[in-house]
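Participant: A predicted structure for the sequence below; I have some questions about it.
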Amino acid sequence: MRLRHAGAIAAALIVAAGAAAAQQKLKFAHVYEVSEPYHTEVVKAAEAIKAATKGKFEIQVFPASALGNEQQINQALPLGTIDMIYTGVAFAGASYKPIAISNAPYMFRDYDHWAKYATTITGRNTRKAISSRNSPRATARRPRTRSWRSPTTARGTRRRTRR
């Protein structure tokens, strides 16, 4: 009787392994609420990727710190318990210090200034150092669309600042 159950379990595991090879589920974690564009856009991207790959890749999105706060999901990424995350350069700077320079206030005048920085030797060295480490590949994205060129243009808005 036990041998029959062991054979059934082994067969089920072989079938499950074949099904797992056919479809890969990736965990995408972030700290933003479900109403935020960061979340809604990644959900759209996940659906598009699933459709484009005919279900071969499925991205499971975990919003609103469901898998941990930002520090915890940053620590989980290199461990492989989470496959993809949204994170800021302040947290990425914990793994690679030079990238944290772009977190300084008013570091970039606008998107064009940021794009030029990304193509300088410093930007290239940063990308190379991050991708050469034994860690997941980092990608850059366009900074937030709201641009504060000086303290006066930020008047009337709320920002988190370090003490």
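Facilitator: Perfect, I can see it now. Numbering: from 1, shown residues only.
Participant: mind giving me the domain split of the protein?
Facilitator: Following automatic domain parsing, the chain resolves into domains at 23-87, 92-150.
Participant: Kindly compare burial across these and name the winner.
Facilitator: The highest mean neighbour count among the domains of the chain, using mean count of other Cβ atoms under 10 Å, belongs to domain 23-87: a mean of 15. Backbone N, C-alpha and C define where each C-beta goes, glycine included.
Participant: before we move on, the earlier item: check the domains of the chain for me: which has the lowest mean pLDDT.
Facilitator: Between the domains of the chain, the lowest average pLDDT goes to domain 92-150, which shows a mean of 73.
Participant: Do a quick rundown of the helices in this structure.
Facilitator: Taking DSSP state H, the helices of the chain run over residues 2-22, 37-52, 70-79, 89-95, 111-119, 121-132.
Participant: With distance to Pro105 added, can I get the ones you listed in CSV?
Facilitator: Formatted as CSV, the helices of the chain follow (distance: least, Cβ to Cβ, whole Å):
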stretch, distance to Pro105
helix 2-22, 46
helix 37-52, 21
helix 70-79, 19
helix 89-95, 12
helix 111-119, 14
helix 121-132, 19
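Participant: So for Pro63, which of these sits nearest?
Facilitator: With Cβ to Cβ, the closest approach to Pro63 among the helices of the chain belongs to helix 37-52: 4.8 Å.
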